[in-house]
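Colleague: Coordinates for the following, if possible.
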Amino acid sequence: MSLGACGDCNIEDILRIPPRNLGVRSFPGGIKIMTNTQLLLEDTGGDVWKGAMALGHFMVEEFSDVLPQSTVLELASGTGYLGLSLSVRGASKVVMSDKECMIPLLHANVLLNSPSLDLNARTIEAVRLDWNNQEEAISRMEEETFDFIVISDVFYEEEIVEPLI
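Modeller: Numbering: from 1, shown residues only. Below is the predicted model:
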């Protein structure tokens with residue numbers, strides 16, 4: 001079962017998080033995600049959450065006709081599962097963003113998935129973007145435009161909602 005190509009799959013199949021093997025989760029469709037338990041203890045971004053999987057499935061199912069020509073900005077990417085899955089499914093450019101402490105994990109997951117990413121045909125990058133820093137966020141948004149801005153599994157703490165709005 002690949003992301004977005006399961007037709008009659010039920011939600012439990014779509015949202016099944018595979019077990020870790022030496023810190024790496026291997027998902028249907030060939031996506032591999034390195035997790036980080038220390039980051040998970042300090043924050044929520046060190047593992048894959050079901051909301052990212054659900055949003056990835058929804059994006060592929062609903063926007064498969066335009067996704068290959070699209071640019072995507074993912075806010076609070078964590079491990080990068082959502083951005084990587086959209087890139088593997090054909091988004092022309094994906095910018096995954098998060099706080100500074102998450103960038104090494106994002107880079108590791110891009111590298112881990114590089115055999116599945118056609119980097120000659122599309123671009124994927126991981127950048128620091130902290131929406132608590134309004135100047136930085138506005139500056140990044142003025143640098144380029146995106147067809148989709150996606151975010152998942154983020155609003156666990158009330159104090160991070162207001163700066164985003």
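
Colleague: Could you pull out the helices in this protein for me?
Modeller: Taking DSSP state H to define them, one finds helices in the chain at 11-14, 37-42, 50-63, 81-88, 103-112, 134-143, 161-164.

Colleague: Which one, of those, ends up nearest to Val95?
Modeller: Val95 lies closest to helix 81-88 among the helices of the chain, at 7.7 Å (Cβ to Cβ). The way it works is simple: take the backbone N, C-alpha and C, and place the C-beta from them, glycine included.

Colleague: returning to what we had before: return the most buried member of the helices of the chain.
Modeller: helix 81-88 (a mean of 28; mean count of other Cβ atoms under 10 Å).

Colleague: check contacts around Arg128.
Modeller: Arg128 sits next to Ser97, Asp98, Lys99, Glu100, Ile103 when contact means Cβ atoms under 8 Å, 6 or more residues apart in numbering.

Colleague: Which members of the residues you listed occur in strands, if any?
Modeller: In this view, those that belong to strands under DSSP state E are Ser97, Asp98.

Colleague: Among the contacts of Arg128, which one sits closest to Asp153?
Modeller: Nearest to Asp153, judged by Cβ to Cβ, of the contacts of Arg128 is Asp98 at 12.1 Å.

Colleague: Make sure Leu55 is actually in contact with Tyr81.
Modeller: No - the pair Leu55 / Tyr81 is not scored as a contact, 9.8 Å apart, by Cβ atoms under 8 Å.

Colleague: what bridges to Glu74?
Modeller: Met96, Val150 (DSSP bridges).

Colleague: burial count for it?
Modeller: Neighbourhood size, Glu74 [other Cβ atoms under 10 Å]: 29.

Colleague: now swap in Ala121 and tell me
Modeller: 9.

Colleague: Could you tell me the least trusted of the helices of the chain?
Modeller: Least confidently modelled of the helices of the chain is helix 161-164, at a mean of 68 by mean pLDDT.

Colleague: Look up how far Leu41 lies from Ile31.
Modeller: Note on Ile31: its distance to Leu41, by Cβ to Cβ, to the nearest Å, is 24 Å.

Colleague: Looking at neighbours, which among the contacts of Arg128 is most surrounded?
Modeller: Neighbour max across those (other Cβ under 10 Å) = Ser97, 25 neighbours.

Colleague: Counting neighbours, what do you get for the closest residue to Ser116 other than its chain neighbours?
Modeller: Leaving aside its sequence neighbours, Ser116 sits nearest to Gly30 (Cβ to Cβ, 6 or more residues apart in numbering; 4.8 Å). Applying other Cβ under 10 Å, we find 12 residues neighbouring Gly30.
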